[in-house]
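Below are the sequence and a predicted model; questions follow.
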Amino acid sequence: MSKDEKQFSEYFAQSERIIVVLSLFCGFLFTSITLLLTTLQNREGILGQATILFLTLVFYFSLYTLLDNLEMAFHYIKNIPPLTLKIRPFFNLLLIFYLFGTSTIFMFLLYDLNYLAMICGVIWATLVVISVNTTGKRFYRQSVARNWKKET
């Protein structure tokens, strides 16, 4: 490695820790939402729905932050092997994240919490649009600049 190049192994180690913690936190929040929906006696009450809404919002923002952290590391890698990263797998990962966030809305519909499902649907749709406009476009611009598009 030349003297001009910076070693980013410390950055990637920190980024890996952040991704692991966010993944565990998202799993914990999803489990908490599911347990509240299944065991809460008065889920139609305002306090129960406010608690579920708060946990869902934290879950959505954690998913957005996790996805953004997964993509952010690619800005600091200078020479990525051509087979390591392609456009299609990253967009498949985006789709999985979006479907995972949508599953909470369907759970609310399953338990007849229609207003909560509508509110969360609007919030989730807004976050998906923001995610596509930030993370997705940033990744696509970078893939075109590095000519990864040929690989897909």
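Ah, there it is.

Run the chain-centre distance for whichever strand or helix holds residue 118.
Per DSSP states H and E, residue 118 falls inside helix 114-131. Put simply, helix 114-131 sits 14 Å off its chain's centre (C-alpha atoms, centre = their mean, to the nearest Å).

Show residues contacting that helix.
Contacts to helix 114-131, defined as C-beta atoms under 8 Å, 6 or more residues apart in numbering, come from residues 49, 52-53, 56-57, 60-61, 63-64, 67-68, 94, 97-98, 101-102, 104-106, 108-109. Yep, even glycine has a C-beta here, placed from its N, CA and C like the rest.

quick one: average confidence on that helix?
Average pLDDT, helix 114-131: 95.

any idea which helix or strand comes after it?
Scanning onward from helix 114-131 (DSSP H and E), the first element met is helix 137-145.

Show me what the helix or strand hosting residue 96 is packed against.
Element membership of residue 96 [criterion: DSSP H and E] is helix 87-110. Packing contacts for helix 87-110, counted by 3 or more C-beta pairs under 8 Å, 6 or more residues apart in numbering; DSSP states H and E, involve helix 9-39, helix 46-72, helix 114-131, helix 137-145.

Make JSON lines out of those and add distance to residue 90 and mean neighbour count.
JSON lines is the format used below for the helices and strands packed on helix 87-110 (distance: least, C-beta to C-beta, whole Å; neighbours: other C-beta atoms under 10 Å):
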{"stretch": "helix 9-39", "distance to residue 90": "14", "mean neighbour count": "14"}
{"stretch": "helix 46-72", "distance to residue 90": "7", "mean neighbour count": "17"}
{"stretch": "helix 114-131", "distance to residue 90": "12", "mean neighbour count": "16"}
{"stretch": "helix 137-145", "distance to residue 90": "6", "mean neighbour count": "14"}
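
mean pLDDT lowest for which of those?
helix 137-145 (a mean of 75).
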